[in-house]
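>>> got a structure for you, letters missing:
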């Protein structure tokens, strides 16, 4: 009897120890191929994010982490934008998600190339935020087949930055620059240069981003609405944009630049009178303290086409969640910060100067704050109002590839080749290369 009792005690002890061991092992383990730790219970979840620009995008992530009401530890890995593109292409094309982050920042003009090539690699985030709270033009490039994969972030809404002293010297006021066409912009530029001696704009001959700014005022791009069909020959907005570009060049209004530093120097040095570009350039303009009070911003010129708006976009990016362990927590983190928090965007615009595309935030006092550098103009509020008018476009997959073709043909156009032949040859090259 004693032997049986001892045996029973031994068996119960073994079972108890086994239960304890199983309970301990359940709190840890392999989280799969993803970078994030899905966590459990009260444990802190680690979310890895890839982004570029420590003073803008990464600063925004840090603010989001501060404001997020949850147990999240954000591991931010800074990469150059081109490096992120390369790493994503290399990793996703290999067929494995190993080494991928939970959250990644992707430029809007590149987003469709990833979503269409690797749709299963991205996690749908429709249920984590209300997409109607964001500018309409940001939704097309961040979704696929009606499913929202990207959370829209910053706006590249453009404006016509201009030197008030130069324009006043030539006899122009702010009202003279409001709701004008690009043709009128060229006319004013000729007059300003004749009267002040200053160039009107700085352009890099190898960068035709200004064409995209012009085209989008009319809701057009290098491709048709399906995002695939190359549309150059019969593209009236593109034709007008190229005609305006040639007019600017032939009027000798341009101070040429060949890189970013020369572009900045063109206006920081006082050489040019206007900078028609995305709102993100404001911080670079303000960097030259000696010019405080000498700048203002007017709406972007539009193409002379029915329905065109004095609003456009240049640049901008959005956040994506990759389909790895921790994806739900990553989507929740984005949704509760970038996706729905007005206080977050107020802090973002106050501390970083970054303007998001979250529409409810535009009604806050922070957006209406006068900017003394720009003569007391509430430029953030103005950009937010213009943002609502930016025509949406389907950028498709091949913006930069097509633009490389047009860039070469543009030189032929400037040398006298008929525009019809330029567009026909560019169309043929694009169809051949991108089939």
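Nice, I can see it. Since this is a predicted model, take the numbers as computed values, not measurements. Numbering: from 1, shown residues only.

>>> Please make it C-alpha for all contacts and neighbour counts, starting now.
Noted.

>>> Wait, residue 391 touches residue 218, no?
Yes. Counting by C-alpha atoms under 8 Å, residue 391 touches residue 218, with 7.0 Å between them.

>>> So which residues of the stretch 251-400 of the chain form helices?
Assigned by DSSP state H, counting those that start in this stretch, the helices in the stretch 251-400 of the chain fall at 260-268, 282-286, 327-336, 342-351, 379-387, 399-414.

>>> Those: lowest mean pLDDT?
Ranked by mean pLDDT, the helices of the stretch 251-400 of the chain bottom out at helix 282-286, with a mean of 92.

>>> Let me see the contact set for residue 135.
Contacts for residue 135 were tallied using C-alpha atoms under 8 Å, 6 or more residues apart in numbering; they are 357, 358, 359, 387, 388.

>>> quick one: which of those residues is most hemmed in?
Most neighbours among those, by other C-alpha atoms under 10 Å: residue 357, with 28 neighbours.

>>> Count the neighbours of residue 183 for me.
Residues lying near residue 183 (other C-alpha under 10 Å) number 20.

>>> OK, contacts around it?
Shown in contact with residue 183 (C-alpha under 8 Å, 6+ apart): 244, 303, 304.

>>> Quick check: bridge partners of the closest residue to the last one other than its chain neighbours?
Nearest in space to residue 304, with sequence neighbours left out and distances taken as C-alpha to C-alpha, 6 or more residues apart in numbering, is residue 181 at 6.0 Å. When bridges are taken as DSSP bridges, the partners of residue 181 come out as residue 302.

>>> what do you get for residue 199?
On the basis of DSSP bridges, residue 199 is bridged to residue 272.

>>> how much space between it and residue 155?
Counting by C-alpha to C-alpha, to the nearest Å, the separation of residue 199 from residue 155 is 28 Å.

>>> At the geometric centre of the chain, which residue sits there?
Nearest to the geometric centre of the chain sits residue 316, at 1.3 Å (C-alpha atoms, centre = their mean).

>>> For it, what are phi and psi?
When quoted as degrees, to the nearest 10, the phi and psi of residue 316 stand at phi 110, psi 150.

>>> which intervals of the stretch 101-250 of the chain have sub-threshold pLDDT?
Across the stretch 101-250 of the chain, nothing is flagged by pLDDT under 70.

>>> Tell me where it has helices.
Using DSSP H, counting those that start in this stretch, helices in the stretch 101-250 of the chain cover 108-117, 164-169, 182-196, 209-216, 236-250.

>>> could I get the ones you listed as CSV with distance to residue 430?
Below are these laid out as CSV (distance: least, C-alpha to C-alpha, whole Å):
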stretch, distance to residue 430
helix 108-117, 16
helix 164-169, 41
helix 182-196, 27
helix 209-216, 17
helix 236-250, 15
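
>>> right, so the ones you listed: which one is the most enclosed?
A comparison of those by mean neighbour count, using mean count of other C-alpha atoms under 10 Å, puts helix 209-216 on top with a mean of 23.

>>> re the thing from before, now, among the contacts of residue 183, which is nearest to residue 312?
residue 303 (10.7 Å; C-alpha to C-alpha).

>>> how much space between residue 138 and residue 395?
Residue 138 sits 11 Å away from residue 395, going by C-alpha to C-alpha.

>>> Those two: which is more packed in?
Taking other C-alpha under 10 Å, residue 138 and residue 395 do not tie; residue 138 has more neighbours (27 against 24).

>>> quick one: the more buried one and residue 149 touch, right?
No. The pair residue 138 / residue 149 is not scored as a contact, 11.7 Å apart, by C-alpha under 8 Å.

>>> hang on, isn't residue 71 packed against residue 47?
No. Between residue 71 and residue 47 there is no contact under C-alpha under 8 Å: 10.4 Å.

>>> which one of those two has more residues nearby?
residue 47 (24 against 15).

>>> Determine whether the claim that the more buried one is in a helix is correct.
No. Counting by DSSP: H, G, I helix; E, B strand; the rest coil, residue 47 is not part of a helix but strand.

>>> Which residues are in contact with residue 364?
So residue 364 contacts 342, 346 (C-alpha under 8 Å, 6+ apart).

>>> how far away is it from residue 279?
Using C-alpha to C-alpha, we find residue 364 at a distance of 19 Å from residue 279.

>>> ok, the residue nearest to residue 195 when sequence neighbours are not counted - how many residues close by?
In space, and not counting its chain neighbours, residue 195 is closest to residue 170: 5.7 Å by C-alpha to C-alpha, 6+ apart. A total of 17 residues lie near residue 170 under the criterion other C-alpha under 10 Å.

>>> can you map out the strands along this structure?
45-51, 72-78, 103-107, 143-144, 147-148, 150-152, 158-163, 201-203, 254-256, 274-278, 295-298, 317-321 (DSSP state E).

>>> Now distance to residue 333 too, for the ones you listed, in CSV please.
Output for those, formatted as CSV (distance: least, C-alpha to C-alpha, whole Å):
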stretch, distance to residue 333
strand 45-51, 9
strand 72-78, 8
strand 103-107, 10
strand 143-144, 19
strand 147-148, 16
strand 150-152, 11
strand 158-163, 29
strand 201-203, 40
strand 254-256, 44
strand 274-278, 28
strand 295-298, 35
strand 317-321, 10
